[in-house]
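Chemist: starting from these lines, generate the structure:
(chains A and B)
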Amino acid sequence: ELKVEQNPLFLSMQEGKNYTIYCNYSTTSDRLYWYRQDPGKSLESLFVLLSNGAVKQEGRLMASLDTKARLSTLHITAAVHDLSATYFCAVDGYNAGNMLTFGGGTRLMVKP
Amino acid sequence: DSGVTQTPKHLITATGQRVTLRCSPRSGDLSVYWYQQSLDQGLQFLIQYYNGEERAKGNILERFSAQQFPDLHSELNLSSLELGDSALYFCASSARRGVGNTIYFGEGSWLTVV
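Modeler: Numbering: from 1, shown residues only, chains lettered A, B, ... in the order given. Model (predicted):
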């Protein structure tokens, strides 16, 4: 059974600081997704990583994938308050594709 | 706005009852997925349909069923409801069969069972 673990589960940081969220998973996969969720809202797609060594950046967020280590990271650079949300990673471990197993989420709070 | 539409947004019902959640995927998307989000279970995959056919099944209870219609909208039927079924139910869609497609989520349907 595919297991996806994120850490930390909760992150409180000051504006302007950098930090990294980690996503570990238990079985071989080269399809890793990152989503953002505001309280009570939908899941917003941030990144889709499809190969070992993939790196994608959007604004202050950068995601990477190491399939050999079964690890993805979401790096936050110079955090701003608007980044406060819960971030989920999800792994597609299904051969036919697109069946996502989600991590428990990392609740990020950026203090002004 | 992801383009995935779900109704109703909120629903309160009693134990033992049956409800139907409806989803319209993004225009042109053939795949529809249902996920459940609860505090104790997190986000769990329930079921996937592709162009009207069931493609994958996750942790979906026997009391739950789904279908995708010829116009590609989907319905999730929840019956004999229990307090523990209270959750946020998401529908999602993606463009085509295969791997690596972006999966877009709707706003969700909040179900409260009392």
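Chemist: every contact and neighbour count from this point should use C-alpha atoms.
Modeler: Noted.
Chemist: list the contacts of the closest residue to A:Val91 other than its chain neighbours.
Modeler: With sequence-adjacent residues excluded and distances taken as Cα to Cα, 6 or more residues apart in numbering or on different chains, A:Val91 is closest to A:Leu32, at 4.7 Å. If you count contacts by Cα atoms under 8 Å, 6 or more residues apart in numbering or on different chains, A:Leu32 has them with A:Val48, A:Leu49, A:Leu50, A:Leu65, A:Ser72, A:Cys89, A:Ala90, A:Val91, A:Asp92.
Chemist: ok, A:Leu32 to A:Phe47 distance?
Modeler: Applying Cα to Cα, to the nearest Å, the value for A:Leu32 to A:Phe47 is 8 Å.
Chemist: now the common contact residues for the two.
Modeler: Here A:Leu32 and A:Phe47 have no joint contacts, going by Cα under 8 Å, 6+ apart.
Chemist: show me the residue at the heart of chain B, geometrically.
Modeler: Geometric centre of chain B, nearest residue: B:Trp34, 3.0 Å, by Cα atoms, centre = their mean.
Chemist: okay but it is in contact with B:Glu54, surely?
Modeler: No - B:Trp34 lies out of contact with B:Glu54 (Cα atoms under 8 Å); the separation is 11.6 Å.
Chemist: residues in contact with both of these two, list them for me.
Modeler: Common neighbours of B:Trp34 and B:Glu54, using Cα under 8 Å, 6+ apart, are B:Ile47, B:Gln48.
Chemist: pLDDT weak spots in chain A?
Modeler: In the predicted model, chain A carries pLDDT under 70 at residues A:94-97.
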